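>>> The amino acid sequence is not available; the structure is as follows:
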């Protein structure tokens, strides 16, 4: 399916990451935005509010982030594509209804322009400290999809991709960028509408009285209908059966929660995306994502000059995590070096995936600024010894 | 005269409106929620609106279970968030008639912030708030609506906090239709819901109901019948009453009636009118034109 040209601002632009997310959303056909202002993400909301009157859709500034996600879920049930944007403190407030979206299996897209935390932390300065929160933040077991753009161009591209994944798997999908990328201005090429590939939600087309909102299809993703189309279906945040009716017992919990997790787990190979460079004979592999991958690249170049064989693996999709690939690499490499703007979050996944075959060396940075490439270089040299 | 066979085949008159495969419901005997659901179903029937275009949203709690029993597009959302969920439904598809059906704890306790903002925006939704003066699902804790003196498990020596006066709150925040009844006023509740269905804008109907199992028991008020008798003897219809005067004291007088019924452009009306005025022909109008 091609994009509606009304939302696609085709051309070469000079945009920051936040604006590019808004443009990506409009190109992807997002016509509903409910949000609450928070630095450093507000520019996305501002851009959407400015552009949507000419495209046709709704921007509403809600009373808080809890309400924003509740509104997205309601809107998504009418068939409209819906998104919001936030940062740390707002992301914490969203967790309640992110759980509801996961449980109700509703496609919504949330961008988190990360800043330093915890609490109010560093409102105007960068961080990557919400990478585990996005995976585990709401209570109970469920899975989500999270992408991490490293440039304004990728903010555009991955926002379109996030909508596609969200629609395809009926799952809340996240764009986990950060203040640096959000506020970085770069050239962004927005392609013509007929080059923007979009995915249509899996609409149910059978008999009305036979519709089961949570009956998994072959790919485990159930078919969806729109509110107002006469199906008169029920959906709930309670543990439910295929009919969407609450069933409060261990058997139904087993089925329901396994389904929410397996839906993503079994499709992980199709969702996972990463970029590798020179990993074939590498002794060290630097694994990074978002802004940190650009900083790490400088360190990698310097290390290569000293003769160390360094490969890179940049996570484009962070969740689901490419554990198989990391496990394969762990058999060949001396060590992984993992710079992140947090005290060490994704490094734990690498350690888990490597399963003792190669160490995962964290290069933590508490936030406020990006790493000094020298610190990453030092870690590479140490690990290569 | 009906013979035995015909009587056996007689159907529940609400069958078309309820999910019969989910009955029996979870509510206690003597609870008033089912009575309000009956009034709601009756209003749907009398209004002759297309049931395919009505969506109902509940939050959490005893009344939060309503969405599960009503045969409409029905959404059982999170605690307190039914109103913003309904906002999303309404804005996503402006053709829908969206009803929030939930309890006092849900709508004005944890959801108070959402309630006041939806009323302020004049979001075109109907909010039916079943007020039983306590958090009943969790075993009877004090609520934002509990009258002073009433005894509840987290107010074991009686409540000393000032309760909300809900019609006053709704009117002050901008609601265009405000009514209060007790569940004894079955036909009047039905009529109010019918009227609200005809309105465009934020409509609010408070229905006071007995919670026999907890509220009545803890406060030694007797059974359901005793509470209905209390409503009968102590409620006074005062249409158009000043909403500032509608406080409810413990076992005191309950002023009921329709207090507000006015016209005002809705959120979408305002958005479309304003943006069309400012942006002219370039503006892409959204949803049904006012």
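Arrived safely. Just so we're clear, the structure is a prediction, and the values are computed from it rather than from any experiment.
>>> doesn't residue A:159 fall inside a helix?
Yes - assessed by DSSP: H, G, I helix; E, B strand; the rest coil, residue A:159 belongs to a helix.
>>> For it, the count of nearby residues, please.
By the measure other C-beta atoms under 10 Å in any protein chain shown, the count of residues near residue A:159 is 31. Any C-beta I mention is one placed from the backbone N, CA and C, and that applies to glycine too.
>>> Tell me the spacing between it and residue A:153.
11 Å (C-beta to C-beta, to the nearest Å).
>>> Next: residue B:247.
60 Å.
>>> And the two? Which one has more around it.
Ranked by neighbour count (other C-beta under 10 Å), residue B:247 and residue A:153 place residue A:153 first, with 19 against 15.
>>> hang on, residue A:361 in a strand?
Yes - using three-state DSSP, the assignment for residue A:361 is a strand.
>>> Which residues are in contact with each of residue A:159 and residue A:153?
By C-beta atoms under 8 Å, 6 or more residues apart in numbering or on different chains, residue A:159 and residue A:153 have these common neighbours: residue A:20.
>>> Tell me how many other residues surround residue B:266.
With other C-beta under 10 Å as criterion, residue B:266 counts 23.
>>> Please name the residues that touch it.
B:122, B:123, B:124, B:200, B:201, B:202, B:290.
>>> what's the answer for residue B:271, then?
Shown in contact with residue B:271 (C-beta under 8 Å, 6+ apart): A:58, B:286.
>>> And the helix or strand encompassing it, how far out from the chain middle?
Counting by DSSP states H and E, the element that carries residue B:271 is helix B:267-279. Put simply, helix B:267-279 sits 30 Å off its chain's centre (C-alpha atoms, centre = their mean, to the nearest Å).
>>> which residue packs closest to whatever residue of chain B ends up closest to chain A, ignoring adjacent ones?
With C-beta to the nearest C-beta as the measure, residue B:88 is the residue of chain B nearest to chain A, at 2.6 Å. Ranked by C-beta to C-beta, 6 or more residues apart in numbering or on different chains and with sequence neighbours excluded, the top spatial neighbour of residue B:88 is residue A:74, at 2.6 Å.
>>> One more: residue A:238?
residue A:246 (3.8 Å).
>>> The one you found against residue A:235, yeah?
No - with contact defined as C-beta atoms under 8 Å, residue A:246 does not count as touching residue A:235 (10.2 Å).
>>> Compare those two and say which is more crowded by neighbours.
Neighbours per residue, other C-beta under 10 Å: of residue A:246 and residue A:235, the larger number sits with residue A:235, 26 against 18.
>>> give the contact list for the more buried one.
By C-beta under 8 Å, 6+ apart, residue A:235 lies in contact with A:77, A:104, A:213, A:244, B:74, B:75, B:76.
>>> hang on, isn't the fourth one packed against residue A:234?
Okay, so that is residue A:244. Yes - if you go by C-beta under 8 Å, residue A:244 and residue A:234 touch, sitting 4.7 Å apart.
>>> what is in contact with the two at once?
Jointly contacting residue A:244 and residue A:234 under the rule C-beta under 8 Å, 6+ apart are residue A:213.
>>> Can you name the residues that contact the nearest residue to residue A:11 once chain neighbours are set aside?
Nearest non-adjacent residue to residue A:11, counting by C-beta to C-beta, 6+ apart: residue A:190, 5.9 Å away. Residue A:190 is in contact with A:8, A:9, A:10, A:11, A:12, A:13, A:23, A:27, A:156, counting by C-beta under 8 Å, 6+ apart.
>>> Among those residues, which lie within strands?
Judged by DSSP state E, the contacts of residue A:190 include A:11, A:12, A:13 as members of strands.
>>> Please pick the buried ones from the residues you listed.
Neighbour counting by 16 or more other C-beta atoms under 10 Å in any protein chain shown classes residue A:13 among those as buried.
>>> quick one on the thing from earlier: state the pLDDT value of the residue nearest to residue B:88.
On the pLDDT scale, residue A:74 is placed at 98.
>>> which ones are touching it?
Applying C-beta under 8 Å, 6+ apart, we find residue A:74 in contact with B:57, B:75, B:84, B:85, B:86, B:87, B:88, B:89, B:90, B:92.
>>> what would the residues you listed look like in TSV with secondary structure and neighbour count?
Putting the contacts of residue A:74 into TSV (DSSP: H, G, I helix; E, B strand; the rest coil; neighbours: other C-beta atoms under 10 Å in any protein chain shown) gives the following:
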residue	secondary structure	neighbour count
B:57	strand	33
B:75	strand	31
B:84	helix	35
B:85	helix	31
B:86	helix	32
B:87	helix	31
B:88	helix	33
B:89	helix	29
B:90	helix	28
B:92	helix	29
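>>> the strands in the stretch 101-250 of chain A, which residues?
With DSSP state E, counting those that start in this stretch, the ranges of strands along the stretch 101-250 of chain A come out as A:109-116, A:122-126, A:145-147, A:173-178, A:185-190, A:234-236.
>>> Show me what the first one is packed up against.
Taking 3 or more C-beta pairs under 8 Å, 6 or more residues apart in numbering or on different chains; DSSP states H and E as contact, the helices and strands that strand A:109-116 lies on are helix A:17-27, strand A:81-86, helix A:88-104, strand A:122-126, helix A:152-169, strand A:173-178, helix A:179-183.
>>> quick one: contacts for the nearest residue to residue A:266 once chain neighbours are set aside?
Ranked by C-beta to C-beta, 6+ apart and with sequence neighbours excluded, the top spatial neighbour of residue A:266 is residue A:220, at 6.0 Å. With contacts defined as C-beta under 8 Å, 6+ apart, the neighbours of residue A:220 are A:259, A:262, A:263, A:266, A:267.
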